[in-house]
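Q: Quick one: sequence and predicted model below, then my questions.
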Amino acid sequence: MRQRLGIGTALLGGPRVLILDEPANGLDPAGIRWMRDLLTGFAGQGGTVLLSSHLLHEIEVIADDLVVIGNGKIVASGSKEELLAAAGTLVRSTSPRDLAHALELAGIPSTLAGDGSVRTDADPARVGAVALTAGIALTELRSAEGAGLEDMFLSLTADTQRDGVAA
């Protein structure tokens, strides 16, 4: 209720811009849907919503434009469609470091993400051919276009992830 009251207070006076930090924090599923509908409606009426959140699925559902920040620096920005379309190829194997090395030897830049996947801008068929030549079994090979915002975020911020740090 505190989140809803805060949003209601922010809407008094008819602002053109809302700046929200983790607005869905602590909300139940019904509250999250209410928040999503409210923000979408506000934007649909010409308002602007600047939203900071770690709930990437919620951002993916409501955002039009994104700014991805890793280690205090902007690592990507643009429309959701542009960023997700530029995601390239996502590939997983039982030995991701060997795969990344094989791609490097083939002249294909790649990024080893914190989730164990390897990302590259190369065509999936070319990635598969390199893996086959190197004798590396793949467990997943696909265009990253459908990977979603969470996968894109993890890939873009792989250098700043705190692997092995207990929460």
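A: Great, that's in hand.
Q: the helices in this structure, which residues?
A: 2-11, 29-44, 56-62, 80-85, 96-105, 124-134, 149-156 (DSSP state H).
Q: Save these as CSV, and put in distance to K73 and mean neighbour count too.
A: C-beta: built from backbone N, CA, C; applies to glycine. Shown next, in CSV, are these (distance: least, C-beta to C-beta, whole Å; neighbours: other C-beta atoms under 10 Å):
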stretch, distance to K73, mean neighbour count
helix 2-11, 29, 12
helix 29-44, 26, 14
helix 56-62, 18, 16
helix 80-85, 16, 15
helix 96-105, 23, 18
helix 124-134, 28, 16
helix 149-156, 11, 21
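Q: can you tell me which of those comes nearest to I74?
A: helix 149-156 (10.1 Å; C-beta to C-beta).
Q: Outline the domain layout of this protein.
A: Domain assignment for the chain by automatic domain parsing gives 2-63, 85-160.
Q: Dump these into JSON lines; add distance to S79 and mean pLDDT as well.
A: Conversion of these to JSON lines gives the following (distance: least, C-beta to C-beta, whole Å; pLDDT from 0 to 100):
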{"stretch": "domain 2-63", "distance to S79": "9", "mean pLDDT": "87"}
{"stretch": "domain 85-160", "distance to S79": "9", "mean pLDDT": "85"}
